[in-house]
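S.K.: Predicted structure and sequence below. I'll ask about it afterward.
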Amino acid sequence: VTDARAHGDDGGVERFRALLRARLGLRFEDGQRETLSATLIRRARASGQPPASYLAGLESEDAQLEVRALAQELTVGETYFFRNAEHLRALAEAALPALGLAESTRRPLRILSAGCASGEEPYSLAILAREELDRAGLPIAIHAVDINPAALERAARARYSAWALRETPPDLRARYFRSDGRDLVLDRDVRAQVTFEERNLAEEDEAFWRSGAFDVVFCRNVLMYLATDVAQAAVARIARSLVPGGFLFLGYAETLRGLSRDFHLQHTHGGFYYQRRDGALEAPPPLVEPAMSAPAHPARALPAAPPDLSWIETIRRASERIESLTATPRAGSALAGVARQHFDVSRAVELLRNERFDDARASLAELPPAATRDPDVLLLRAVLLTHGGDLAAAEALCREVLALEDLSAGAHYLTALCRENAGDRADAAEHHRIAAYLDPGFSLPRLHLGLLARRAGDHTAARHELAEALPLLEREDAARLSLYGGGFGRANLVALCRAELRACGGGS
Ligand SMILES: C[S@@+](CC[C@H](N)C(=O)[O-])C[C@H]1O[C@@H](n2cnc3c(N)ncnc32)[C@H](O)[C@@H]1O
């Protein structure tokens with residue numbers, strides 16, 4: 001760091017960060033500047049140049065060797081066999097049958113492992129193929145790519161520590177690995193089933209990403225390291241290269257929300273994954289104008305009593321995708337790369353916050369006709385319908401929103417509230433779970449999951465969900481709370497969450 005300071009303002013760290021983004025697609029946060037600075041100094045020294053000349057060299061076309069060295073140093077290669085095994089079960093039991101690769105086609109099933117690191121993921125797929133899919137007579141080709149050449153060398157050696165097999169069922173370990181000293185060596189036939197290639201997901205290659213090239217893509221725990229626009233472009237390439245209805249698996253904590261509208265969300269076997277929309281890259285069909293029923297009565301005043309479980313029934317005044325409902329759409333907002341007309345709903349939102357529901361409805365009615373197909377406007381209408389007590393109509397509007405944009409956490413949350421109201425707790429929980437997955441910072445679905453679990457007598461699950469909800473509620477976006485919170489402020493919601501947590505034996 002001292003060295004860096006000696007080289008002017010930031011020692012070239014910002015330029016280095018921009019170059020890493022341009023060359024490798026990687027995103028580095030402000031908190032990682034020290035690491036970047038140390039790497040820059042070390043690499044510059046190794047090349048026998050001062051940082052400024054080293055950086056100039058990195059900009060040139062023939063910096064390929066150095067870019068590879070940086071990929072080795074700066075990528076995160078954490079992985080293990082049978083990671084998130086629910087994905088593998090979903091692949092074998094739901095995705096592949098859904099793809100309906102008819103026996104008659106006889107072409108191999110093509111799976112891509114994008115960001116395969118040292119090979120554990122594609123080899124797990126190959127083992128799965130032998131265990132489950134070969135039996136179905138399906139030939140399978142697995143291709144694996146990564147930007148880190150050192151990781152690919154380890155993949156080619158296929159020697160692993162016991163730690164890499166920590167989630168591998170003992171029978172599979174016995175069948176497909178042999179011990180050699182402290183290492184475990186993968187079976188030759190499994191190795192032969194995977195081809196590896198050094199490839200940068202941030203780079204376009206039309207031949208590789210050609211239409212219909214893959215049936216299934218695993219790109220788990222990779223997008224989280226990429227700059228947003230790089231991740232958007234990578235997902236667009238993946239969408240292009242998948243057959244219609246093809247599947248995409250992301251890491252457990254990753255979502256496509258804000259990155260792509262080309263996929264439907266799937267939730268089976270306890271895991272989330274995505275399916276390319278049929279004709280995913282075409283515009284969605286126009287929708288019929290929703291029937292807007294007037295509210296039977298203005299929304300009731302909020303209960304003055306401290307919140308308790310009855311709050312579930314009153315929280316109908318739900319709401320929406322906050323980022324697009326507040327004021328002007330932000331440049332660089334989540335879906336900036338996806339062409340979309342924006343309608344100014346800020347006045348309607350303001351009226352809604354002031355509980356002037358009729359005026360809010362009137363304000364939405366003044367929007368241009370095209371607004372009737374806009375997911376944000378539709379959802380806001382759904383919120384207003386909940387205030388009028390017309391939950392069936394609200395739920396129908398949510399369905400329209402989800403047909404346009406099934407990654408809308410707000411529409412899933414609102415659907416969940418409608419399902420709760422209809423007494424369908426299983427469906428309600430499913431939609432809350434999806435909302436919480438799509439937007440991990442969204443506190444209210446977690447809170448509801450906790451309340452639902454407590455009602456069902458599952459105190460362990462209730463404690464888990466409520467403990468997750470509490471810190472999220474404490475820092476939840478204020479505007480989102482005012483739209484989604486059923487009229488309750490943060491303090492009330494936090495108090496409710498604490499009380500519920502205590503009631504099921506958790507919290508302080
Ligand atoms: C955390 S590992 C994930 C391994 C495996 N997919 C899993 O989920 O266990 C992330 C991998 O992504 C690779 N990666 C990062 N940026 C990449 C890029 N631009 N192109 C290709 N691979 C990249 C890294 O080299 C690393 O091996």
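M.R.: That came in fine, so what should we check first?

S.K.: Tell me the helices and strands packed up against the strand ranked longest in the chain.
M.R.: For the chain, the longest strand by residue count, based on DSSP state E, is strand 242-250. Judged by 3 or more C-beta pairs under 8 Å, 6 or more residues apart in numbering; DSSP states H and E, the packing partners of strand 242-250 are helix 96-99, strand 214-219, helix 228-241, strand 271-276. Any C-beta I mention is one placed from the backbone N, CA and C, and that applies to glycine too.

S.K.: So which bits of the stretch 101-250 of the chain are right by the ligand?
M.R.: Applying C-beta under 6 Å from any ligand atom, one finds that the stretch 101-250 of the chain approaches the ligand through 115-117, 121, 146-148, 151, 200-202, 220-222, 225.

S.K.: one more time with 5 Å, if that's ok
M.R.: 115, 117, 121, 146-148, 151, 200-202, 220-222 (C-beta under 5 Å from any ligand atom).

S.K.: neighbour-wise, which of those leads?
M.R.: For these, the largest number of neighbours (other C-beta atoms under 10 Å) sits with residue 121, at 31 neighbours.

S.K.: Got the phi and psi for it?
M.R.: phi -70, psi -50 (degrees, to the nearest 10).

S.K.: what bridges to the residue lying closest to it once chain neighbours are set aside?
M.R.: Nearest non-adjacent residue to residue 121, counting by C-beta to C-beta, 6 or more residues apart in numbering: residue 113, 5.0 Å away. Beta bridges link residue 113 to residue 144, residue 218, judged by DSSP bridges.

S.K.: my guess is residue 113 meets residue 152, correct?
M.R.: No - at 11.6 Å, residue 113 and residue 152 do not qualify as touching, with contact defined as C-beta atoms under 8 Å.

S.K.: Please say which of those two ends up with more neighbours.
M.R.: Comparing residue 113 with residue 152 by neighbour count (other C-beta under 10 Å), the higher total belongs to residue 113, at 29 against 21.

S.K.: Surely residue 118 is in a strand?
M.R.: No - applying DSSP: H, G, I helix; E, B strand; the rest coil, one finds residue 118 to be coil, outside a strand.

S.K.: Could you give the number of residues near it?
M.R.: Counted with other C-beta under 10 Å, residue 118 comes out at 24.

S.K.: got it, and residue 184?
M.R.: Other residues close to residue 184 by other C-beta under 10 Å number 20.

S.K.: Around the ligand, which positions in the chain sit nearby?
M.R.: Counting by C-beta under 5 Å from any ligand atom, the residues of the chain that sit close to the ligand are 25, 75-79, 83, 115, 117, 121, 146-148, 151, 200-202, 220-222.

S.K.: quick one on the thing from earlier: each with direction, which strands does the longest strand of the chain pair with?
M.R.: strand 214-219 (parallel), strand 271-276 (antiparallel).

S.K.: tell me the angle the last one makes with helix 228-241.
M.R.: Here strand 271-276 runs at 60 degrees with respect to helix 228-241, directions being taken by axes from the mean of the first three to the mean of the last three C-alpha atoms, to 10 degrees.

S.K.: Which residues does strand 271-276 contact?
M.R.: 84, 86-87, 89-90, 95, 98, 239, 242-250, 252, 255-256, 262-266, 434, 437 (C-beta atoms under 8 Å, 6 or more residues apart in numbering).

S.K.: I'd like the helices and strands packed on strand 242-250 laid out as a markdown table, including mean neighbour count and mean pLDDT.
M.R.: Formatted as a markdown table, the helices and strands packed on strand 242-250 follow (neighbours: other C-beta atoms under 10 Å; pLDDT from 0 to 100):
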| stretch | mean neighbour count | mean pLDDT |
| --- | --- | --- |
| helix 96-99 | 16 | 83 |
| strand 214-219 | 24 | 97 |
| helix 228-241 | 21 | 96 |
| strand 271-276 | 23 | 95 |
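
S.K.: Using PDB, write out every CA atom in the longest helix anywhere in the chain.
M.R.: The residue-count maximum for a helix in the chain (DSSP state H) belongs to helix 459-474. The C-alpha trace of helix 459-474 is given here as PDB (Å, rounded to 0.1, in the frame of the first residue of the first chain):
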ATOM      1  CA  HIS A 459     -41.200 -23.900  15.800                       C
ATOM      2  CA  THR A 460     -37.800 -24.900  14.500                       C
ATOM      3  CA  ALA A 461     -38.600 -23.600  11.000                       C
ATOM      4  CA  ALA A 462     -40.400 -20.600  12.500                       C
ATOM      5  CA  ARG A 463     -37.400 -19.600  14.600                       C
ATOM      6  CA  HIS A 464     -35.100 -20.000  11.500                       C
ATOM      7  CA  GLU A 465     -37.300 -17.800   9.300                       C
ATOM      8  CA  LEU A 466     -38.000 -15.100  12.000                       C
ATOM      9  CA  ALA A 467     -34.400 -14.900  12.900                       C
ATOM     10  CA  GLU A 468     -33.600 -14.300   9.200                       C
ATOM     11  CA  ALA A 469     -36.500 -11.700   8.900                       C
ATOM     12  CA  LEU A 470     -35.500  -9.600  11.900                       C
ATOM     13  CA  PRO A 471     -32.200  -8.000  10.700                       C
ATOM     14  CA  LEU A 472     -33.800  -7.700   7.200                       C
ATOM     15  CA  LEU A 473     -36.700  -5.800   8.700                       C
ATOM     16  CA  GLU A 474     -34.400  -3.500  10.600                       C
END
